[in-house]
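Colleague: Could you work out the structure for the sequence below:
(chains A and B)
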Number of protein chains: 2
Amino acid sequence: MDTTYEQRFSQNARRMRASEIRELLKLTQWPEVISFAGGLPNPAAFPTEELRGVIEHVMAEHAPDALQYGATEGHNKLRDAIARGMGIEHDTPQSIHNILITHGSQQALSLLSHVLLDPGDVVVTGAPSYLGALQTFRAFQAQIEGVALDESGMDVDLLEKKLRSLAEHKRLPKFIYLVPTFQNPSGVTIPLERRRRTYELLCEHDLLLIEDDPYGFLRYDGEKVPLFKSLDEQERVIYLSSFSKILAPGFRIAWMAAPESIVNKVCLAKQTQDLCSNTFAQYCIFEAMYHDILFPHIEQIIRIYRRKRDTMLAAMEQYLPDRARWNRPEGGLFVWVTLPPFINTLDMFAKAISNDVAYVAGQAFFPDGGGQNTMRLNFSHPSDEMIEEGVRRLANVIREEIEEKEKALEDELIGGF
Amino acid sequence: MDTTYEQRFSQNARRMRASEIRELLKLTQWPEVISFAGGLPNPAAFPTEELRGVIEHVMAEHAPDALQYGATEGHNKLRDAIARGMGIEHDTPQSIHNILITHGSQQALSLLSHVLLDPGDVVVTGAPSYLGALQTFRAFQAQIEGVALDESGMDVDLLEKKLRSLAEHKRLPKFIYLVPTFQNPSGVTIPLERRRRTYELLCEHDLLLIEDDPYGFLRYDGEKVPLFKSLDEQERVIYLSSFSKILAPGFRIAWMAAPESIVNKVCLAKQTQDLCSNTFAQYCIFEAMYHDILFPHIEQIIRIYRRKRDTMLAAMEQYLPDRARWNRPEGGLFVWVTLPPFINTLDMFAKAISNDVAYVAGQAFFPDGGGQNTMRLNFSHPSDEMIEEGVRRLANVIREEIEEKEKALEDELIGGF
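Modeller: Sure thing, here's the model as predicted:
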């Protein structure tokens, strides 16, 4: 039989392609490469010792339940702790019925796509935006409309224009997808005033918002900005967050806080997708919250990552050529770099790898093109020494690439005369 | 705003409804009810002590990796152990590239639906068949065509007729879905000869088969029957199995063994669905295999469940009225009961609950109606004492229901004169 099976795949599946970027990322796993390409937490920021105690307690006291199937909605004690925690931390208390436990926020994106998107439906995202979200929306045949960011996140004037234009064509989006705080990939945060204006646009056009917030707790300086969820008087916001960046991603435990009828529908979809999330991990995370391990641990992560961010920014200051520009994120895992417009960071990638340093070329994050001269650098995963050495290598790569391109442009100009 | 959100949901989501059966199952959780309704393993069959050692070892030796994100395909050591294990146990050795780790087999069903099914596509299943599979196929708008079972599983003559008729109408299925061994819900196993004939039909009509095998290791007597996978000379079989019933469902770790190009496509879908399965649980399960805990433990489960099955069968023999019929499964978790045709087990459920005993009404498992007089009984979860007492209660309920219905039929006949 035909062993490619191509003609057997669904329309959805035919849209799924191995991303070029993900394939390139495999190269970054060679041991000699210093990689700023991943988005991984640092294992030094896992509370391994504390978790050993928690796990031992779960196995001693709760094994029959923790090893069993659980409810699709999630472990009720964990849902309740999260619901109350959102009141304490974000001034937006939830009922347990608003909380659904998911297998990473990625599953929430997939479930929401399943229950909200028909083929051809429009979704509005930042340009750039989180790659995993773009891939999921595409896997349900969504049409993604990107809105450019500035140093304060999605440009609300551009958003207003975009929505007006989409409304005129009767193509209003099913939802807007934002990572409003320490965005992946750009690191930027939307200030309160802009959140308010964005929320008004939601109301004006009767839209839903997915507020994806995996990094919100990782603030290294500056003032906390209220969540969209806390501004949500009209039940338009579906809030996602995760224990991956504040405890351990290996557990794959995240949550959604949403209006109850959305939670109920998503829960039906989850029943068909996996019956329930990992029960054991849910018990462990609840115990970590209950025994007050989580928040002191977040303080510790913040200290580690703040230093790494500062190390990276200092090295960039010291080594990167003048014509590179970058931001200073107040939290999260990423710094965003913009090079002169004639540089293509995807083309430059081979040179970087042969100099044993890696990044993600920014164009991967743009839903409809652009960003060829940008890159995302991760500072959470590499060691402090690696950060400095990696930035030094990267600076040489960039400097060389700029010189070569300028030489080529010059030759072209001369050739043109 | 409209807080039902109904008009915002996708076509897929509008097909998702809370199953009446699942709602009824909530009633079975009252402590005074003896429930044969679930499909849960017995916590006494979890290797809790052995797992404590395994977990301690993983935390001591592998925490930085076991708590981190992992590859979408799964932990390579676990994939490799499964690939080789399928050679040893099932005479169908796999390459690591044929193995994908999933978050329960339910996730595999969801991923396969996503990559294989367009709205309106046909799927052939047993009538009855596993409810979670039916719900997943429906959530992708499949048309399900059921083929009746007899005491040897899906009737291959009926299947032949069904496929011929579907072919005539150019509606051949994207795949056939079977639980060939100790089927859920019926407990029946397809013998080798019938597997061969079924496989020939696959080849004749150029079809794929999903062989869902969560119970295969739980054989209490009789001879092992070769997998469809082991007959698969034409790469038509997508094999699913799980650690849920042989280790612990709370870990949510299962696997797919399939042709490489199907694994690759499903892996792209999984990337959008959850990035990767629970890494920690994968490490624990690999260590349980490596330290030879798994297979001795399966022997122990078999001893426990064989006794429970025998207890249930003996109690049924003793208490159930003559006009109830049931099978004697050689493995798995379920016994299937057929009552006289004028009994509706869904109608009878209220009476059962008020007598503090529960089952699943069989009609839930029939993709296109039928089975009103059937029920599924689970023997793995209740204690041995509960099994006997529960069957006694159930027998009274059935006897009473038969008497009432016969009285009503008699009155009707008399009234008709």
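Colleague: Distance-wise, check A:Gly362 relative to A:Arg376.
Modeller: For A:Gly362, the distance to A:Arg376 (C-beta to C-beta, to the nearest Å) stands at 6 Å. All C-beta atoms are positioned from the backbone trio N, CA, C, and that covers glycine.
Colleague: So what touches the helix or strand bottoming out on mean pLDDT in chain A?
Modeller: Using mean pLDDT, DSSP states H and E, helix A:20-27 stands out as the lowest-scoring helix or strand of chain A, at a mean of 73. Under the contact criterion C-beta atoms under 8 Å, 6 or more residues apart in numbering or on different chains, helix A:20-27 has outside partners A:Val33, A:Ala37, A:Gly38, A:Leu131, A:Leu346, A:Phe349, A:Ile353, A:Ala358, A:Val360, A:Ala361, A:Ala364, B:Gln271.
Colleague: The first one: neighbouring residues, count only.
Modeller: Going back to what we said before, that points to A:Val33. A:Val33 is flanked by 19 other residues according to other C-beta atoms under 10 Å in any protein chain shown.
Colleague: wait, it sits on A:Val357?
Modeller: Yes: with contact defined as C-beta atoms under 8 Å, A:Val33 reaches A:Val357; the gap is 6.7 Å.
Colleague: May I see the buried residues of the least confident helix or strand of chain A?
Modeller: Within helix A:20-27, the residues scored as buried using 16 or more other C-beta atoms under 10 Å in any protein chain shown are A:Ile21, A:Arg22, A:Leu24, A:Leu25.
Colleague: next one: stretch A:343-358
Modeller: By 16+ other C-beta under 10 Å, the buried positions in stretch A:343-358 come out as A:Ile343, A:Thr345, A:Leu346, A:Met348, A:Phe349, A:Ala352, A:Ile353, A:Asn355, A:Asp356, A:Val357, A:Ala358.
Colleague: And the residue lying closest to A:Gly104 once chain neighbours are set aside, how close does it get to A:Ala281?
Modeller: Sequence neighbours aside, A:Arg252 is the residue nearest to A:Gly104 in space, at 4.7 Å (criterion: C-beta to C-beta, 6 or more residues apart in numbering or on different chains). Counting by C-beta to C-beta, the gap from A:Arg252 to A:Ala281 is 7 Å.
Colleague: same question, A:Leu192
Modeller: From A:Leu192 to A:Ala281 the distance is 34 Å (C-beta to C-beta).
Colleague: What of A:Val335?
Modeller: A:Val335 is 31 Å from A:Ala281, by C-beta to C-beta.
Colleague: If you count surrounding residues, which of those two has more?
Modeller: For the pair A:Val335 and A:Ala281, the greater number of neighbours falls to A:Ala281 (29 against 24), based on other C-beta under 10 Å.
Colleague: mind listing the helices for the stretch 1-150 of chain A?
Modeller: Taking DSSP state H, counting those that start in this stretch, the helices of the stretch 1-150 of chain A run over residues A:11-14, A:20-27, A:48-61, A:63-66, A:76-90, A:104-116, A:131-139.
Colleague: related to what we said a few turns ago, any idea which of the buried residues of stretch A:343-358 is closest to chain B?
Modeller: A:Ala358 (16.7 Å; C-beta to the nearest C-beta).
Colleague: which helix in chain A runs the most residues?
Modeller: For chain A, the longest helix by residue count, based on DSSP state H, is helix A:384-416.
Colleague: Now do the buried residues in that helix.
Modeller: If you call a residue buried by 16+ other C-beta under 10 Å, then helix A:384-416 has these buried ones: A:386-398, A:401-402, A:405.
Colleague: Of all the residues in the stretch 251-400 of chain A, which one is nearest chain B?
Modeller: For the stretch 251-400 of chain A, C-beta to the nearest C-beta, closest residue to chain B: A:Thr279, 3.6 Å.
Colleague: Counting neighbours, what do you get for that residue?
Modeller: 24.
Colleague: Does it touch A:Leu67 like I think?
Modeller: Yes: here A:Thr279 reaches A:Leu67: they are 7.0 Å apart, a contact under C-beta under 8 Å.
Colleague: Show me the common contact partners of those two, please.
Modeller: Both A:Thr279 and A:Leu67 are in contact with B:Pro249, B:Gly250, where contact means C-beta under 8 Å, 6+ apart.
Colleague: ok, for A:Gln273, nearest residue in space, not its chain neighbours?
Modeller: B:Ser110 (4.4 Å).
Colleague: who's in contact with A:Asn264?
Modeller: B:Ala18.
Colleague: did I read that right, it in a helix?
Modeller: Yes: checked against DSSP: H, G, I helix; E, B strand; the rest coil, A:Asn264 lies within a helix.
Colleague: measure it to B:Arg252 for me?
Modeller: A:Asn264 is 22 Å from B:Arg252, by C-beta to C-beta.
Colleague: Can you get me a residue count around A:Pro41?
Modeller: Counted with other C-beta under 10 Å, A:Pro41 comes out at 26.
Colleague: And the pLDDT at it?
Modeller: A:Pro41 carries a pLDDT value of 93.
Colleague: what do you get for the one 5 residues further on?
Modeller: Looking at A:Phe46, its pLDDT is 94.
Colleague: So A:Phe217 sits against A:Ile246, correct?
Modeller: Yes: the criterion here is C-beta under 8 Å, and A:Phe217 meets it with A:Ile246 at 5.2 Å.
Colleague: Give the intersection of the neighbour lists for the two.
Modeller: Residues touching both A:Phe217 and A:Ile246 (C-beta under 8 Å, 6+ apart): A:Ile298.
Colleague: Just give me the neighbour total for A:His291.
Modeller: There are 12 residues near A:His291, going by other C-beta under 10 Å.
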